[in-house]
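*Asks:* fold the following for me, if possible:
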Amino acid sequence: MAIIRTTDTDRQDFDSAVNELKEYFSSLGARKGRTLTYNVLTYGCQLNESDSEKLSGMLSAMGLEASSGGELDDADVIVFNTCSIRENADRHLFGNLGVFKTLKKNDRDVIIAICGCMMKVPENVARIKKSYPYVDLVFDPQQLHRFPVLLRDSIRDRKQLVNISADDYIAEDSFFPIDRKRKFRALVPIMYGCNNFCSYCIVPYARGRERSRDFEEIVRELADLASKGYKEVMLLGQNVNSYKGEGGKTFADILRAASDFKEFSRVRFMSSHPKDLSDEVIDIMAERPNVEKHLHLAMQSGSDRVLREMNRPYTIEKFLKIAEQFRTKVEGGSLTTDIIVGFPGETEEDFEETLKAIETAKFDAAFTFQYSARPGTKAASFENQIPADIVTERFGRLTEYTNRYAEESNLRLVGKTMEVLIEGISKAGDMTFSGRTITNHLVNFTIPGELGIDIGPDMLEGRLCEVRIDHARPYSVDGVLVSIKGE
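*Replies:* Take a look at the predicted model:
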């Protein structure tokens, strides 16, 4: 596969397509007597969220307005941005896709497009061609910058257009209009793709080979975000620590450059691979006050034998040494992880090794998954698949362990007053707000009326505050606002 950077010709084609589509949608809207709308449905990781912000930005540039309803709201252009990592994401897509069949039947002008990682799996594309002929456009995540061109061509031809490229494109963020969804947080991809080829993972096939953005372009983007008042940036990549910029620039250089902007209260990053995490990055996390004191480091298994089968190039001893180094250097830092249970061939002894590793690392939180075979991955062809009942039983024991240590981590916060970056109204509602500490602990809190603070839903988003922690749960803590910082 070739890695191709966008050119001036790509820019010209992009602008031409956007302008043509703007005229088309304006004319169609006039005929219908209303402004046309779009709905982008996003599945998966933060990189997909970032891609969806770009899709929304492009659709807005075409003269469309975001629909005001929920996830399955009717709209004139509907885009599914898909994930192929977990099986339930596949089911979610195909389940929701059927909902729009009647909408498309009643209005032939409605456009349905599907992009994202699932479209790099041939079986999924074949299924769409066979069972969902009303889908207008199918394309892969590497061609995000070509979305206006492909959408225009689909509308011109009035037939299903499937365009899956064998090339790995890279377009700088400056190429796109970006509709950032949060007032305080900006998602900043620094690289795309993955070269690790873990035997269970579809990402290298779906997102392509590793390719890093230009260092100076990233710094310019960070400077622009700082000038616009963003309080938090999240640096994104399938494995941010494998970033390789021109002139030998590394992820440590990006992390240092981001934290140099004092306008950012928080500099976060996702995700890290144990084989690439450098001592320098941990040192920066310890030294820089606005770099989040939280490391997400995927362990996946505590068994060396299983790790080899997963093609994870480290031993559990090495992993635990990294964890200990982080705990020692980053005072009060939190450590989270990913763990897969039921990988093909996993024995009870292998699983017990995972539980022992959890006891040693005492993760502050863990994302736990039951193994599911992903088409196109090496592990999908392994013959020694684990029976579902055994996987389920082990998963129950695994979550008991991880929840215990997560709750212990949260209990250590009770009685303390913590600095929290407010994200908005909590999912709990009832004027309960939520935010996160510098260690990425989720905090839900109320605001005493006697403080006299305007608590409109958009008034506090992105503000720093002090919260007294009163109660701990396995996945969050509860507290009461003490003060808004700077007031």
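*Asks:* now do the helix or strand encompassing Leu28, average pLDDT.
*Replies:* Using DSSP states H and E, Leu28 falls within helix 8-32. Averaging pLDDT along helix 8-32 yields 97.
*Asks:* point out where this structure drops to low pLDDT.
*Replies:* 1, 69-72, 86-89, 428-429, 452-459, 487 (pLDDT under 70).
*Asks:* so what's the gap between the helix holding Leu28 and the chain middle?
*Replies:* Helix 8-32 has its average C-alpha position 29 Å from the chain's average C-alpha position, going by Cα atoms, centre = their mean, to the nearest Å.
*Asks:* could you say what helices and strands it packs with?
*Replies:* helix 46-61, helix 147-157 (3 or more Cβ pairs under 8 Å, 6 or more residues apart in numbering; DSSP states H and E). Every C-beta, even on glycine, is put in place using the N, C-alpha and C of the backbone.
*Asks:* the helix or strand following that helix to helix 8-32, inter-axis angle?
*Replies:* Toward the C-terminal end, the helix or strand that comes next after helix 8-32 (DSSP H and E) is strand 37-42. Orientation of strand 37-42 against helix 8-32 (axes from the mean of the first three to the mean of the last three Cα atoms, to 10 degrees) gives an angle of 130 degrees.
*Asks:* show residues contacting strand 37-42.
*Replies:* Contact with strand 37-42 is made by 48-49, 52, 55-56, 59-60, 64-69, 71-81, 96, as judged by Cβ atoms under 8 Å, 6 or more residues apart in numbering.
*Asks:* quick one: contacts for Gly245?
*Replies:* Counting by Cβ under 8 Å, 6+ apart, Gly245 touches 212-215, 253-254.
*Asks:* try Ile190
*Replies:* Neighbouring residues of Ile190 by Cβ under 8 Å, 6+ apart: 212-213, 218, 235-237, 240, 243, 251, 254.
*Asks:* which PyMOL command selects the buried ones in those?
*Replies:* Remark: buried members of the contacts of Ile190, expressed as a PyMOL selection using 16 or more other Cβ atoms under 10 Å:
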select buried, resi 212+213+218+235+236+237+240+243+251+254
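*Asks:* restricted to strands, list the contacts of Ile190.
*Replies:* 212, 235-236 (DSSP state E).
*Asks:* can you give me the strands for the stretch 101-250 of the chain?
*Replies:* With strands called from DSSP state E, counting those that start in this stretch, the stretch 101-250 of the chain shows them at 111-116, 137-139, 161-163, 168-170, 185-189, 191-192, 211-212, 232-236.
*Asks:* so how many other residues sit close to Ile112?
*Replies:* 21 (other Cβ atoms under 10 Å).
*Asks:* same check, this time on Asp15
*Replies:* Around Asp15 there are 12 residues (other Cβ under 10 Å).
*Asks:* quick one on the thing from earlier: and the helices and strands packed on helix 8-32: which comes nearest Leu413?
*Replies:* helix 46-61 (24.7 Å; Cβ to Cβ).
*Asks:* mind listing what Val341 touches?
*Replies:* 351, 354, 368-371, 391, 394-395, 398.
*Asks:* ok, back up a step: which of the contacts of strand 37-42 fall in strands?
*Replies:* Using DSSP E, the contacts of strand 37-42 in strands are 65-66, 77-81.
*Asks:* I'd like those residues laid out as TSV, including neighbour count.
*Replies:* Shown next, in TSV, are the ones in strands among the contacts of strand 37-42 (neighbours: other Cβ atoms under 10 Å):
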residue	neighbour count
Glu65	15
Ala66	16
Val77	24
Ile78	27
Val79	25
Phe80	24
Asn81	26
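*Asks:* between these, which is closest to Ser265?
*Replies:* Among these, and counting by Cβ to Cβ, the member closest to Ser265 is Ala66, at 27.6 Å.
*Asks:* which residues does the closest one bridge with?
*Replies:* With DSSP bridges applied, Ala66 shows beta-bridge pairing to Tyr38.
*Asks:* roughly how far apart are it and Asp73?
*Replies:* Distance of Ala66 to Asp73, computed by Cβ to Cβ, to the nearest Å: 10 Å.
*Asks:* with Asn19 instead?
*Replies:* Asn19 is 27 Å from Asp73, by Cβ to Cβ.
*Asks:* also Lys104?
*Replies:* 15 Å.
*Asks:* could you do Leu93 as well?
*Replies:* Distance from Leu93 to Asp73, by Cβ to Cβ: 16 Å.
*Asks:* would it be right to say that Phe351 lies in a helix?
*Replies:* Yes: counting by DSSP: H, G, I helix; E, B strand; the rest coil, one finds Phe351 located in a helix.
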